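Chemist: how would this look folded up:
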Amino acid sequence: MVAPMHGSRSGSTVRVSTGLVAAAALVSLTGCGDDASEKAWGALSTCLAGPAASAPVAERVPKIRAVMLGNPPSTSKDAWPKRCAPYADDLYASLDDSGKPAILKRKLHDRFGCTAQKGSCALTSDASFVSVTTELWEAAAGAEVKPLPATGVTAPTPAPPPPIDAKSWKSFTDKPLRVSGPVLTSDGRALVVLKTAEGRVKPIGCEFAAGFGKVRCVTSNDKVPELPPQSVEVVNDAKGLYAAGLTDTGLVAYNLETGETSAVKGRSGHLIRDGVAVEKPSTQDITGGPPDPNAKPDPKAKKGKAKPAKAAKPAKGKSPMLQKPAGAAATDEGFLAVELTNGKASKGVKLPVASPVGEPVVVSNQILSLTPVEGGVALDIEALSHGRLKSGGSVKGAFAGPFHTCQKGDFYGVATYAGHAGQGSAKATGGDGKTALTFLAFQGGSWSKPAEATLPFERTGESDLVCSAGSASVAWFKGDKAQATVGRIDCKADGCKSNEVNLPSFDSTYLWAVAPLGEKVFVLYRSSLGDTRVRIAPLADLPNAKDSVLFDVGDFGGPSTGDLSVLATDQAALLLFRGDKPVALRLGADGAVSVVAS
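Modeler: Next up is the predicted model:
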């Protein structure tokens with residue numbers, strides 16, 4: 001059938017076949033659909049991956065990951081990848097419901113929630129986003145939709161490569177070893193001792209120079225014997241590298257470079273060979289195990305069958321049922337204060353403390369202990385000099401929790417504060433929802449009056465006490481993925497000041513550490529993408545400070561870390577990761593991070 005059409009040319013009549021019209025219309029519609037899909041896919045892929053949109057998957061994946069790290073999750077609709085949603089809407093609308101294009105259309109629905117309703121697509125950056133985009137590119141290839149060059153589409157900004165990756169993650173030891181320490185010396189060095197987990201070991205000592213920019217490790221001198229590793233600990237000493245270990249004569253300190261021995265005293269984690277130490281009286285066998293089956297018999301012992309020891313007679317006037325059974329632990333005999341000079345220990349002096357709360361602590365030659373009194377707890381101070389104790393008096397205050405100490409030159413800071421919510425049996429000690437902090441300063445042979453402050457009990461974590469010239473500080477962090485609060489308490493002899501700031505939209509899923517660093521505060525954390533970041537600035541500037549990515553997760557070239565120990569000073573922080581091989585990072589006050597290796 002032929003239908004007449006009136007054209008405008010000379011008023012003539014033009015006849016066109018309806019079959020040709022239908023075919024032309026079909027070709028036109030199909031061509032427009034393909035063009036629309038390819039145009040929309042070009043815009044979406046460029047918005048998501050920038051110049052890497054057309055790159056092979058091996059090249060595209062790290063590029064998209066870099067974009068993710070440079071554009072952390074945000075609630076703003078203009079943030080990446082949310083701003084790419086209109087292009088996903090256009091692509092979804094341009095695709096047929098059948099045939100190969102349906103492959104890509106279903107993927108858009110499954111991954112981004114796209115429907116026929118305009119504005120339904122929702123793009124969110126999370127830990128799965130790389131795999132989601134990889135599926136999207138594969139679906140586009142399966143649908144045979146090729147991207148057209150995009151115009152007017154803003155490409156995302158990638159983050160620079162993290163300063164630390166698996167290749168640069170180098171240990172300061174070449175063997176898998178466990179760490180005792182770190183401890184901070186009075187001259188600003190950090191000391192650790194390395195040891196095996198089993199058998200017997202000749203320890204390795206390492207010292208990080210003041211400022212933590214360099215590390216030096218030494219193996220044990222030939223004079224140092226092999227020691228049981230569970231007894232080996234670092235000794236805090238300003239004159240050398242010492243490790244303590246258990247021998248037949250008790251705990252002995254060894255100079256790892258010379259092999260010379262000296263007395264060592266104190267409690268676990270706080271061993272010294274020079275100064276004043278507090279310890280429990282040694283009344284029992286500290287080797288804590290059965291006799292050595294390979295031990296040779298005493299040649300002076302008489303031959304014959306050993307006779308059992310006679311049972312001790314009960315004390316007069318007491319029933320045998322009230323006597324200690326054989327092998328029972330000795331009664332609590334309190335604490336002894338000991339002076340050590342040039343590696344030699346004086347005779348212990350018993351402290352006049354009947355039942356202290358927690359363990360005493362030593363600052364210079366001052367011994368501090370908490371004792372219960374009516375209505376609370378009192379701080380008792382004793383000074384030990386030349387074998388004699390001199391009372392420094394008793395101070396009342398809101399003392400609760402263990403002691404925290406720090407030193408900068410001749411200034412010493414002491415504070416008590418307890419744990420936070422979620423830490424075992426920790427309780428709010430400063431009133432409803434608060435943890436009490438009580439501070440004293442010691443300088444020039446005299447103590448300041450106690451100053452009080454509080455931390456939120458529901459905090460996520462806090463730092464240890466960090467000293468600078470004439471002051472001591474504590475930083476704390478409270479928050480979740482939605483928002484966070486960071487606080488800082490600065491104490492001097494005349495009192496404490498507390499300040500805090502809110503960090504809106506702070507994307508943190510795990511707190512590594514928070515601490516004061518000079519006039520600044522740093523927060524080291526893991527984001528929801530799995531990477532580790534640091535934010536460092538004066539507290540007031542922290543909300544607007546930029547985060548720096550330190551390292552990524554293992555799937556994207558990051559290291560395997562292990563647990564973290566932190567030593568902070570007013571100059572730098574030492575971040576010691578206890579993986580199979582310990583790795584040390586230095587964080588400077590300028591925010592620069594570097595691996596410290598020997």
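
Chemist: Kindly indicate whether Ala253 is helix, strand or coil.
Modeler: Under DSSP: H, G, I helix; E, B strand; the rest coil, the three-state class of Ala253 is strand.

Chemist: Local confidence estimate at it?
Modeler: Looking at Ala253, its pLDDT stands at 97.

Chemist: How about the contacts made by the nearest residue to it once chain neighbours are set aside?
Modeler: Ranked by C-beta to C-beta, 6 or more residues apart in numbering and with sequence neighbours excluded, the top spatial neighbour of Ala253 is Val264, at 3.7 Å. (Each C-beta comes from the backbone N, C-alpha and C, glycine too.) For Val264, the contacting residues are 235, 242, 244, 251-253, 271-273, 340, taking C-beta atoms under 8 Å, 6 or more residues apart in numbering as the criterion.

Chemist: Give the buried residues for stretch 501-516.
Modeler: By neighbour count on 16 or more other C-beta atoms under 10 Å, the buried set for stretch 501-516 is 501, 503, 506-508, 511-516.

Chemist: repeat for stretch 185-205
Modeler: For stretch 185-205, a neighbour-count test (16+ other C-beta under 10 Å) marks 185, 188-196, 201-205 as buried.

Chemist: Stretch 553-566 now?
Modeler: Of the residues in stretch 553-566, those buried under the neighbour-count criterion (16+ other C-beta under 10 Å) are 553, 556-559, 561, 565-566.

Chemist: From Arg535, how far out is the residue nearest to the spatial centre of the chain?
Modeler: Among the residues of the chain, the one closest to the centroid is Trp512, at 2.5 Å (C-alpha atoms, centre = their mean). If you measure Trp512 against Arg535 using C-beta to C-beta, to the nearest Å, the figure is 12 Å.

Chemist: Now do the shared contacts for the two.
Modeler: In the contact map built from C-beta under 8 Å, 6+ apart, the residues linked to both Trp512 and Arg535 are Tyr525.

Chemist: Skipping adjacent residues, who's closest to Leu517 in space?
Modeler: Closest to Leu517 by C-beta to C-beta, 6+ apart is Ala589, at 5.4 Å.

Chemist: Am I right that that neighbour is in contact with Pro516?
Modeler: No. Using C-beta atoms under 8 Å, Ala589 is not in contact with Pro516; the gap is 10.4 Å.

Chemist: tally of neighbours for Arg578?
Modeler: The burial count assigned to Arg578 is 14, neighbours taken as other C-beta atoms under 10 Å.

Chemist: From what I see, it and Asp563 are in contact.
Modeler: Yes. Distance between Arg578 and Asp563: 4.7 Å, which falls inside the contact criterion (C-beta under 8 Å).

Chemist: Who are the contact partners of Val224?
Modeler: Going by C-beta under 8 Å, 6+ apart, Val224 touches 202-203, 243, 254, 256, 259.

Chemist: so of the residues you listed, which ones are in helices?
Modeler: Filtering these for membership in helices, criterion DSSP state H, returns an empty set.

Chemist: any idea how far Thr134 is from Ala102?
Modeler: The value you get for Ala102 to Thr134, if C-beta to C-beta is used, is 20 Å.

Chemist: follow-up on the earlier one: compile the buried residues of stretch 501-516 into a markdown table and extend it with columns for pLDDT.
Modeler: Written out in a markdown table, the entries for the buried residues of stretch 501-516 read as follows (pLDDT from 0 to 100):
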| residue | pLDDT |
| --- | --- |
| Val501 | 98 |
| Leu503 | 94 |
| Phe506 | 90 |
| Asp507 | 90 |
| Ser508 | 92 |
| Leu511 | 96 |
| Trp512 | 97 |
| Ala513 | 98 |
| Val514 | 98 |
| Ala515 | 98 |
| Pro516 | 98 |
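
Chemist: Tell me the one among those nearest to Trp447.
Modeler: Taking C-beta to C-beta as the measure, Trp447 sits nearest to Pro516 out of the buried residues of stretch 501-516, at 22.7 Å.

Chemist: so the nearest residue to that closest one once chain neighbours are set aside is in which element?
Modeler: Beyond its immediate neighbours in the sequence, the residue positioned closest to Pro516 (C-beta to C-beta, 6+ apart) is Ser473, lying 4.1 Å away. Assigned by DSSP states H and E, Ser473 falls within strand 471-479.

Chemist: measure stretch 545-555 end to end?
Modeler: The stretch stretch 545-555 measures 28 Å between its terminal residues, going by C-alpha to C-alpha, to the nearest Å.

Chemist: If you could redo that for stretch 464-476, that was the one I meant.
Modeler: Stretch 464-476 has an end-to-end distance of 10 Å (C-alpha to C-alpha).

Chemist: List the contacts of that stretch.
Modeler: 404-409, 411-415, 417, 437, 439, 441, 443, 455-456, 459, 461-463, 486-493, 514-518, 521, 566, 568-570.

Chemist: for the protein, what spans make up the helices?
Modeler: With DSSP H as the criterion, the chain has helices spanning 18-49, 57-70, 85-94, 101-112, 129-142.

Chemist: Which elements pack onto the second one?
Modeler: Identification of packing neighbours for helix 57-70 by 3 or more C-beta pairs under 8 Å, 6 or more residues apart in numbering; DSSP states H and E yields helix 18-49, helix 129-142.

Chemist: So which bits of stretch 234-249 are buried?
Modeler: Judged by neighbour count (16+ other C-beta under 10 Å), stretch 234-249 contains these buried residues: 234-237, 240-246.
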